[in-house]
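Novice: Pasting the sequence and the predicted coordinates here, then a few questions.
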Amino acid sequence: MNEKTLNIFIFQLAILGLTEGIFHVQVNLPGCTYKCDNPKKEDNNSDKKIKDFYWRDFYGVVPPDAYQLGDNNQNPQTYVGMVFDPSHNGTFITTIVEGQDYVYGVVGNEVSKLTDTIQILCTMEPEKVTWTQLYNVDQLEGYYVVRGYFHYERKNDSQTLEYFRHYVVKTTEGNMAYAGYSTGLNTSITYALSNGTPRNTQNFEWLLFSKEAKENEKSSTKPFLSYNYNFSLSSALFQSKFHHQINIGSCSLVCTNQGKGSTDKDKMIKKKSESAMVYYWKPSYIEDRDRENLLEVGRSFSDNPSYIGQGLTTNNWYDVGQTEGGGVYLVRDKYAEVQAEFQLLSSISQERLEWINSTTQTFGELDKTKLVPGGKLDNGTQTFVGRSYYLNKYNPGSIKVLPTGAYCFLLYGLLEQFEVLSVKDKTP
C-alpha cells in the first residue's frame with residue numbers, strides 16, 4: 001500500500017463519517033492489518049510530542065518525522081540536512097536525497113561528497129513551517145529563522161577569522177526542491193543538485209518556524225480520526241520501513257513497507273538509524289528548549305543541572321561538552337572553547353538510554369553502533385557522548401580516541417575511567 005493510496009483511504013473514511021459502533025469492514029490492502037480490539041501502543045512515549053524543530057543524526061534512513069522539502073508528488077523526496085565539513089571549517093546546510101546515504105557540501109564552486117556527521121531537520125509540527133523571501137530579519141516577531149550554525153574563513157589571508165552564520169533556505173529546479181544556506185540578506189546562494197552539480201541562484205526562500213500554534217490547532221480534544229506513526233526502520237536501499245497507524249475510534253489500520261537489506265553495511269545503517277531515533281538535538285536558540293526532555297548528565301559546582309551540548313569550534317572540530325544552558329564548553333587537549341550557539345541532547349525515551357562503564361583500555365570492545373555520537377575532529381576522529389565522576393559529581397564530556405586509547409575530555413582534564421552513553425535494545 002503506497003502513501004497515496006493510504007491518504008485516499010483516510011480521506012474516504014473521513015467523508016463517510018464512520019464510527020466505531022458501525023464500522024465493520026474487512027480491509028484487504030497489501031501490508032495492512034485492521035483491528036478493533038483497542039490495540040496496545042508499541043511505544044510508551046507514542047503520545048509524547050517534541051515541540052518546535054530539532055535535528056537527528058542521519059545515516060541514510062529518513063526518519064518518519066523528517067521535514068519533507070518537496071511536495072507529495074516529488075520523487076525522490078528531498079529533506080533539509082546539516083553536515084560538518086572540516087575542509088571548510090564549518091557546518092553547512094545541504095540537501096538530503098531519499099535513497100542516498102551521503103550529501104554534497106558546497107562552498108563557492110567547490111563541491112565535496114560527505115558521508116558522515118550528517119543531521120536531518122525534523123519536526124512533529126510541520127504546520128508551523130513557512131517559506132518566504134526576507135528583507136529584514138529584525139521584523140520577524142513570533143518566528144524563528146531556522147539556521148544551521150556557521151563557518152569561519154580567514155580574512156584576507158590573515159590570522160583573523162571571519163564568521164558566517166548559516167540560515168536555511170530552499171530553491172527549486174525542475175520538479176525538485178533543494179536546500180541550501182544564506183549567510184545574509186539579499187545574497188545569492190550556491191547549492192548542489194542530486195548528482196553533485198553546483199548551482200547558483202538569487203531565487204530562494206527562507207525557512208521560518210512559528211513560535212505559536214495557530215488558533216485552530218490549540219484545541220486539546222483528540223480527534224475521532226487520527227493518524228500516527230511509530231518508528232520501525234529497515235535499511236534496504238537506505239529507506240525507511242514506515243509503520244503507519246490510522247486510528248478510527250478504538251480501531252486501527254496498520255500498514256508497513258518492509259525492506260530486505262541484509263549486507264553488513266545495511267545492518268550497520270539499520271542499527272545506527274534505530275539508535276538515532278531514541279534521542280535528538282535541540283537548538284539552544286529555541287526559547288523553552290523542551291526542558292522536560294533535556295538529558296541531565298550531572299550537577300555543576302553551583303548545583304545546577306549539567307547537560308550535553310554540541311557545537312562547532314573556531315579550531316575546526318564539531319564536538320560535545322558540558323553546558324548549563326548559557327554556553328557549551330568544548331575541550332581538546334589543553335584547549336577549551338566556549339560557544340554561545342549550540343544544541344542540546346534531548347530525548348522523550350530516556351528509559352532507552354544507559355551509561356556504560358568503560359576505560360581507556362576497554363572502550364574498543366563496545367558496540368559503536370549503539371553509542372551516541374558526539375561529533376568529529378578535523379583529523380576525522382569520531383567522538384562520543386560521555387561523562388566522568390570527578391570531584392564528587394558527574395561531569396559531562398567528550399570521549400575521544402587517541403593513539404594510546406580512549407579518554408573522556410572534561411573541563412578539568414582527560415580521564416581514563418568514564419561512562420559512555422549508549423542506546424538499549426528495545427524490549428520485544
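Specialist: Cool, the structure landed. Numbering: from 1, shown residues only.

Novice: can you tell me which residues contact residue 331?
Specialist: 321, 397-398, 409-411 (Cβ atoms under 8 Å, 6 or more residues apart in numbering). Yep, even glycine has a C-beta here, placed from its N, CA and C like the rest.

Novice: any idea which of the residues you listed has the most stuff around it?
Specialist: Neighbours here mean other Cβ atoms under 10 Å. Within these, the largest count is held by residue 397, at 35 neighbours.

Novice: In strands only, show me the contacts of residue 331.
Specialist: 321, 397-398, 409-410 (DSSP state E).

Novice: need these in CSV with distance to residue 204, can you?
Specialist: Output for the ones in strands among the contacts of residue 331, formatted as CSV (distance: Cβ to Cβ, whole Å):
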residue, distance to residue 204
321, 34
397, 39
398, 35
409, 39
410, 42
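
Novice: what's the closest of the residues you listed to residue 367?
Specialist: residue 398 (19.1 Å; Cβ to Cβ).

Novice: how about that closest one, what does it touch?
Specialist: 319-321, 330-331, 374-375, 383-386, 408-409.

Novice: Same list (the ones in strands among the contacts of residue 331) but as TSV, adding distance to residue 125 and pLDDT.
Specialist: As requested, the ones in strands among the contacts of residue 331 are exported to TSV (distance: Cβ to Cβ, whole Å; pLDDT from 0 to 100):
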residue	distance to residue 125	pLDDT
321	29	95
397	33	95
398	31	96
409	36	95
410	36	92
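
Novice: Most widely separated two among the contacts of residue 331?
Specialist: Taking Cβ to Cβ as the measure, these span a maximum distance of 10.9 Å, between 398 and 411.

Novice: so what's in contact with these two at the same time?
Specialist: Shared contacts of residue 398 and residue 411 (Cβ under 8 Å, 6+ apart): 321, 331.

Novice: Would you mind listing where the chain has pLDDT under the threshold?
Specialist: Applying pLDDT under 70 to the chain picks out residues 1-47, 136-139, 157-158, 186, 214-262, 289, 428.

Novice: Closest to the centroid, which residue in it?
Specialist: residue 56 (1.6 Å; Cα atoms, centre = their mean).

Novice: partner residues bridging that one?
Specialist: Counting by DSSP bridges, residue 56 forms beta bridges with residue 120.

Novice: Is it correct that it is in contact with residue 277?
Specialist: Yes. Residue 56 lies in contact with residue 277 (Cβ atoms under 8 Å); the separation is 7.3 Å.

Novice: Overlap in contacts, those two.
Specialist: Both residue 56 and residue 277 are contacted by residue 63, under the criterion Cβ under 8 Å, 6+ apart.

Novice: ok so, going back, relative to residue 426, which of the contacts of residue 398 is nearest.
Specialist: residue 385 (19.6 Å).

Novice: Near the closest one, how many other residues are there?
Specialist: Count around residue 385 with other Cβ under 10 Å applied: 28.

Novice: check contacts around it.
Specialist: Contacts here follow Cβ under 8 Å, 6+ apart; on that basis residue 385 touches 308, 320, 345, 371-374, 396, 398-399, 420-421.

Novice: 6 Å instead, please
Specialist: Residues in contact with residue 385 (Cβ atoms under 6 Å, 6 or more residues apart in numbering) are 308, 320, 372, 374, 421.

Novice: got it, and residue 368?
Specialist: Residues near residue 368 by Cβ under 6 Å, 6+ apart: none.

Novice: Buried only: go through the contacts of residue 385 for me.
Specialist: In the contacts of residue 385, burial by neighbour count holds for 308, 320, 372, 374, 421, counting by 16 or more other Cβ atoms under 10 Å.

Novice: neighbours around the residue nearest to residue 61 when sequence neighbours are not counted, how many?
Specialist: Of all residues not flanking residue 61 in the chain, residue 273 sits nearest, at 3.8 Å (Cβ to Cβ, 6 or more residues apart in numbering). Residues contacting residue 273 under the criterion other Cβ under 10 Å number 25.

Novice: next one: phi and psi at residue 273?
Specialist: The phi/psi pair for residue 273 (degrees, to the nearest 10) reads phi -70, psi -40.

Novice: Surely it and residue 59 touch.
Specialist: Yes. Under the criterion of Cβ atoms under 6 Å, residue 273 makes contact with residue 59 at 5.1 Å.

Novice: all strands for the stretch 301-428 of the chain, in order.
Specialist: Assigned by DSSP state E, counting those that start in this stretch, the stretch 301-428 of the chain shows strands spanning 305-312, 318-323, 328-332, 335-339, 343-346, 353-359, 373-376, 382-390, 393-402, 405-410, 413-415, 417-423.

Novice: Summarise which helices and strands the fourth one is packed against.
Specialist: Looking back up the chat, that one is strand 335-339. Packed against strand 335-339, as judged by 3 or more Cβ pairs under 6 Å, 6 or more residues apart in numbering; DSSP states H and E, are the following elements: strand 328-332.

Novice: So what's the gap between the strand it packs on and the chain middle?
Specialist: Remark: strand 328-332 is offset 21 Å from the chain centroid, using Cα atoms, centre = their mean, to the nearest Å.

Novice: Report the residue ranges of every domain in this structure.
Specialist: Domain assignment for the chain, taken from automatic domain parsing, gives 3-48+213-276, 53-210, 280-423.

Novice: pretty sure residue 196 is touching residue 111, no?
Specialist: Yes. The pair residue 196 / residue 111 is scored as a contact, 5.4 Å apart, by Cβ under 6 Å.

Novice: From residue 413, how far off is residue 397?
Specialist: Taking Cβ to Cβ, to the nearest Å as the measure, residue 397 and residue 413 are separated by 10 Å.

Novice: wait, I meant residue 426
Specialist: 37 Å.

Novice: Show the residue spans covered by the strands in the stretch 1-150 of the chain.
Specialist: 32-35, 53-58, 78-85, 90-97, 103-107, 110-114, 118-123, 129-132, 143-145, 147-154.

Novice: How are the helices of the stretch 201-350 of the chain distributed by residue range?
Specialist: All helices of the stretch 201-350 of the chain, identified by DSSP state H, counting those that start in this stretch, fall at 264-276.

Novice: what's the longest strand belonging to the chain in contact with?
Specialist: Counting by DSSP E, the longest strand found in the chain is strand 161-173. The contact list for strand 161-173, computed with Cβ under 6 Å, 6+ apart, reads 80, 93, 145-148, 150-153, 155, 177-183, 189, 201, 204-207, 314.
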